[in-house]
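[1] fold the following and give me the result.
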Amino acid sequence: MSGATPTNSKNAGPVTVPVAALSALGVVFGDLGTSPLYTLQTVVEAVNGHFTPEGALGILSLIVWTLIITISVKYCLFVMRADNHGEGGILALMSLLGANRFAGGAKALAVMGLLGAALIYGDGVITPAISVLSALEGVNVVTHALTPYVMPVAVLILFGFFAVQRFGTAKIGGAFGPIMLAWFVVISILGVSGILRDPIVLTAIDPSHAIGFLARHGFRSFLVLGGVFLCITGGEALYADMGHFGAGPIRLSWYLVVLPALLLSYAGQTALLIQKGHIEGNPFFELAPAWSVYPLVVLATVATIIASQAVVTGSFSMTRQAMQLGWLPGFDIRQTSDSVYGQIYVPAVNWLMMTATIGITIGFKSSDRLAGAYGTAVSTTMLLTTALLFTAMRKVWKWPTIAAGAVAGVFLIVDLGFFSANLLKIADGGWLPLTFGALVFGAMLTWHWGIGRVRRAAAVEPGSAEKLIRDLNARRIPRVPGTAVFLTRTTNIIPPLMIDHVKHMGALHEKVISLTVEFAETPRCAPEYRGEIEHIATGLWRASLRFGFVQIPDLPAALKAVPHLDRSIDIDNAVYFASRDMVVSKPDIEPLMRWRLAIFAFFFRNAVKVFDRFSLPAQNVVEIAREIEI
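    Next up is the predicted model:
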């Protein structure tokens with residue numbers, strides 16, 4: 001999307017780059033921007049609160065160069081170039097590489113993309129919990145009397161946060177950017193105050209401090225790397241939210257505001273660690289004057305709620321992408337803004353995430369315990385993104401293998417280091433997001449497997465279709481007034497549902513359209529290329545509509561806009577016929593497949609109804625139940 005003018009709605013005009021950059025602060029950088037709340041606190045736990053000046057400089061240098069290599073270079077300069085018609089995210093990257101077909105050599109790429117996407121859900125249920133807990137725990141710097149109330153208050157905040165999602169963020173979204181800008185200004189000021197205590201921390205820009213730290217501590221440095229990694233856990237959001245703001249505004253926000261603020265904050269906290277030598281608690285709040293802790297806790301809590309909003313909104317968007325690409329069943333998706341296209345609400349995903357997040361908050365109780373569960377999913381996703389990026393360099397950018405391998409190899413070394421470090425967290429809670437992600441990954445593969453079997457089982461015999469066409473042309477089938485649209489999953493000219501309808505009813509509407517809806521591997525399809533129609537027989541047309549994987553289909557509107565649509569076809573009063581299939585197992589199905597079929601059948605039964613998914617008038621939709629053996 002480089003060079004494009006960012007827009008924030010399907011109707012509104014273009015917005016300026018500075019305005020888009022300010023908005024990006026509130027959506028894209030919430031997770032990255034609040035990482036100073038818990039990153040060094042986790043490192044403090046890893047070293048039991050003891051620091052030498054040399055060790056503290058080494059840790060700071062690791063953080064500095066992690067931010068530079070992974071975010072400033074890998075994501076901002078390379079990964080964000082791999083856009084799918086302006087859209088980002090690991091699923092968009094997978095589709096860009098043509099892996100969504102899940103065939104041949106593309107299967108490995110599809111598995112990497114799907115697994116990376118599934119793990120983002122695992123990270124998404126932890127981010128709100130650790131962020132809100134770490135913000136509220138700031139009161140412990142002033143008094144421990146409130147410590148027993150931190151977890152219950154966090155649960156109440158999280159419950160309220162998820163409960164208001166159904167109202168959307170259109171009304172409050174405009175405040176996110178300015179609030180996060182204030183947050184970055186505050187943490188920068190606190191960071192400068194800390195640096196003035198011991199300016200030696202500025203020498204951490206020298207990478208020899210990081211290399212020396214790793215060389216001196218050997219295997220023990222992996223414990224510290226697991227904490228250092230938390231400073232970049234929001235990196236995937238840069239890529240995933242690119243379609244909302246454009247690459248330019250996101251880069252501008254990062255280089256001018258976010259990166260300097262993070263570096264100052266981490267440097268200030270490190271100066272405090274060097275000065276004290278031993279510290280208990282959170283160095284972020286220890287850096288603040290006592291009088292400012294309570295206001296800082298309030299600001300931090302608001303900032304973490306904004307960070308959580310970005311994660312949840314990203315999960316909604318990814319669900320829509322996976323659903324349209326055929327990897328998840330249909331969900332009820334509600335547009336929460338009539339002007340901002342990207343603001344959607346997915347009730348099922350929202351309540352599942354709320355249940356998991358509150359359960360995690362109650363189970364772990366504190367941010368330092370939860371830090372052990374945080375990072376394993378994101379580090380795995382980042383590793384998979386690098387592997388897909390290497391393929392994009394070769395196939396999309398046409399780079400020589402040597403050049404692609406050299407660039408991707410640098411990122412791979414860093415990613416493997418953090419991936420290995422986070423594996424040490426599995427016993428301390430790292431299993432949680434991995435398990436959650438594995439369940440989502442399994443659900444994706446099961447849905448794709450089952451829907452493919454349904455399509456094959458529902459295929460109509462060619463002879464039946466040819467006979468229907470002959471009968472229509474010979475006027476042997478009675479016709480009744482009106483227009484009917486038969487929706488079909490198959491690519492056959494005549495859908496099985498239409499043949500069954502004629503067989504049982506003995507008649508057909510005067511005007512009939514056999515309609516197939518397709519979702520492309522691009523985010524959007526232009527209206528002029530969306531639909532096509534051809535005449536098949538007397539009063540019968542075959543039509544197809546194409547939508548991008550981020551678009552919410554409106555079939556009546558799209559049908560009326562199809563070029564060369566016969567004027568006698570009354571779309572406004574058409575009756576839409578769709579199948580509500582019931583899946584049963586064949587008698588000879590393999591025993592090991594029965595459990596998979598049971599899961600698929602559950603998804604299939606509970607998928608969103610066709611009139612909700614395709615914006616059809618419910619009173620004009622007829623769903624016919626059929627039994628299909630697979």
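
[2] who are the packing partners of the helix or strand where residue 419 lies?
    Under the criterion DSSP states H and E, the helix or strand holding residue 419 is helix 401-423. Counting by 3 or more CB pairs under 8 Å, 6 or more residues apart in numbering; DSSP states H and E, the packing neighbours recorded for helix 401-423 are helix 221-228, helix 376-395. Heads up, the C-betas are built off the backbone N, CA and C, glycines and all.

[3] possible to save those helices as a markdown table with mean pLDDT, distance to residue 604 and mean neighbour count?
    Written out in a markdown table, the entries for the helices and strands packed on helix 401-423 read as follows (pLDDT from 0 to 100; distance: least, CB to CB, whole Å; neighbours: other CB atoms under 10 Å):
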| stretch | mean pLDDT | distance to residue 604 | mean neighbour count |
| --- | --- | --- | --- |
| helix 221-228 | 88 | 41 | 23 |
| helix 376-395 | 92 | 28 | 23 |
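
[4] just so I know, which of those lies nearest residue 17?
    helix 376-395 (25.4 Å; CB to CB).

[5] what helices or strands is that closest one leaning on?
    Using 3+ CB pairs under 8 Å, 6+ apart as the contact definition, the elements that helix 376-395 packs against are helix 90-96, helix 106-124, helix 235-240, helix 401-423, helix 431-458.

[6] so which of the ones you listed is nearest residue 511?
    In this view, the helices and strands packed on helix 376-395 are compared for proximity to residue 511 by CB to CB, and helix 431-458 is the closest at 24.1 Å.

[7] how far out from the middle of the chain is that closest one?
    Centroid separation for helix 431-458 versus its chain: 17 Å, with CA atoms, centre = their mean, to the nearest Å.

[8] next one: stretch 65-78
    20 Å.

[9] am I right that residue 509 falls within a strand?
    Yes - assessed by DSSP: H, G, I helix; E, B strand; the rest coil, residue 509 belongs to a strand.

[10] now residue 185: how far from residue 506?
    According to CB to CB, to the nearest Å, residue 185 stands 74 Å off from residue 506.

[11] higher neighbour count, those two?
    residue 185 (12 against 9; other CB atoms under 10 Å).

[12] which residues touch the more buried one?
    Neighbour list for residue 185: residue 261 [criterion: CB atoms under 8 Å, 6 or more residues apart in numbering].

[13] that one should be in a helix, yeah?
    Yes - with the criterion set as three-state DSSP, the secondary structure at residue 185 is a helix.

[14] check the gap between it and residue 257 for me.
    If you measure residue 185 against residue 257 using CB to CB, the figure is 9 Å.

[15] same question for residue 220.
    Between residue 220 and residue 257 the computed distance is 35 Å (CB to CB).

[16] neighbour count for those two, which is higher?
    Taking other CB under 10 Å, residue 220 and residue 257 do not tie; residue 257 has more neighbours (21 against 11).

[17] skipping adjacent residues, who's closest to the more buried one in space?
    residue 184 (5.4 Å; CB to CB, 6 or more residues apart in numbering).

[18] which residues does that neighbour contact?
    Residue 184 neighbours (CB under 8 Å, 6+ apart): 25, 33, 257, 258, 261.

[19] among those residues, which one has the most neighbours?
    Counting by other CB under 10 Å, residue 33 has the largest number of neighbours within these, with 28 neighbours.

[20] for this structure, just list every one of the strands.
    Secondary structure of the chain (DSSP state E): strands located at 334-335, 344-345, 479-488, 508-519, 531-537, 540-547, 575-584, 621-629.

[21] ok, which of those strands comes nearest residue 71?
    Closest of those to residue 71 is strand 344-345, at 26.9 Å (criterion: CB to CB).

[22] paired strands for the closest one, with orientation please.
    Strand partners for strand 344-345, identified by DSSP bridges, are recorded as strand 334-335 (antiparallel).

[23] just the mean pLDDT for the strand it pairs with, thanks.
    Predicted confidence along strand 334-335 averages 74 (mean pLDDT).

[24] now it, how far from the centre of its chain.
    17 Å.

[25] re the thing from before, what does the helix holding residue 419 rub up against?
    Residues from elsewhere that reach helix 401-423 (CB under 8 Å, 6+ apart): 66, 69-70, 74, 78, 222-223, 225-226, 228-229, 375-376, 379-380, 382-383, 386-387, 389-390, 393-394, 397, 430.

[26] again, only this time at 7 Å
    By CB atoms under 7 Å, 6 or more residues apart in numbering, the list of residues contacting helix 401-423 from outside reads 69-70, 74, 78, 222, 225-226, 229, 375-376, 379-380, 382-383, 386, 389-390, 393-394, 430.
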